[in-house]
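K.L.:
Sharing a model prediction with you, sequence too.
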Amino acid sequence: MHVWQLQEAKAKLTALVNESKQGPQIISRHGTYEAVIISMEKYRELTGQNENMVTFLQNSPLRGLDLNLERDQSPMRDTDL
């Protein structure tokens with residue numbers, strides 16, 4: 001992982017973006033780590049944006065759990081309007 005000083009990152013933005021495809025890039029300001037630049041592919045992987053709903057549900061840790069999904073069939077209570 002490469003650490004870029006803020007002024008270097010601004011001056012070499014194209015190189016920074018290209019390097020982010022190889023792995024996360026850190027930007028520092030005054031010696032303090034301030035930001036991490038990652039590729040769009042890695043971002044989508046981390047946020048789960050590559051999955052559709054079916055895949056998401058199939059990968060759920062709750063898959064196969066025996067749930068009782070029956071509705072309560074008792075009549076509604078009376079309300080005064």
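P.N.:
Structure received.

K.L.:
now the helices for the protein?
P.N.:
6-11, 13-20, 40-47, 53-58 (DSSP state H).

K.L.:
is it possible to export those to JSON lines including mean pLDDT and mean neighbour count?
P.N.:
For glycine as for every other residue, the C-beta is placed from the backbone atoms N, C-alpha and C. Below are these laid out as JSON lines (pLDDT from 0 to 100; neighbours: other CB atoms under 10 Å):
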{"stretch": "helix 6-11", "mean pLDDT": "96", "mean neighbour count": "14"}
{"stretch": "helix 13-20", "mean pLDDT": "96", "mean neighbour count": "14"}
{"stretch": "helix 40-47", "mean pLDDT": "89", "mean neighbour count": "11"}
{"stretch": "helix 53-58", "mean pLDDT": "80", "mean neighbour count": "10"}
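
K.L.:
of those, which approaches Met76 most closely?
P.N.:
Of all the helices of the chain, helix 53-58 sits nearest to Met76, with 31.3 Å by CB to CB.

K.L.:
Quick check: the gap between the residue nearest the centre of the chain and Val54.
P.N.:
Most central in the chain under CA atoms, centre = their mean is Thr47, positioned 2.0 Å from the mean C-alpha point. Distance from Thr47 to Val54, counting by CB to CB, to the nearest Å: 18 Å.

K.L.:
cool, and Ser20?
P.N.:
30 Å.

K.L.:
farthest residue from the center of this protein?
P.N.:
Most distant from the centre of the chain: Asp80, at 47.8 Å, with distances by CA atoms, centre = their mean.

K.L.:
now it: how far from Gln49?
P.N.:
49 Å.

K.L.:
same check, this time on Asn59
P.N.:
14 Å.

K.L.:
I'd like to know how far His30 sits from Val54.
P.N.:
Taking CB to CB as the measure, His30 falls 48 Å from Val54.

K.L.:
An error on my part: the question was meant for Gln22.
P.N.:
32 Å.

K.L.:
Please name the residues that touch the closest residue to Arg29 other than its chain neighbours.
P.N.:
Of all residues not flanking Arg29 in the chain, Leu6 sits nearest, at 4.5 Å (CB to CB, 6 or more residues apart in numbering). Residues near Leu6 by CB atoms under 8 Å, 6 or more residues apart in numbering: Ile27, Ser28, Arg29, Glu34.
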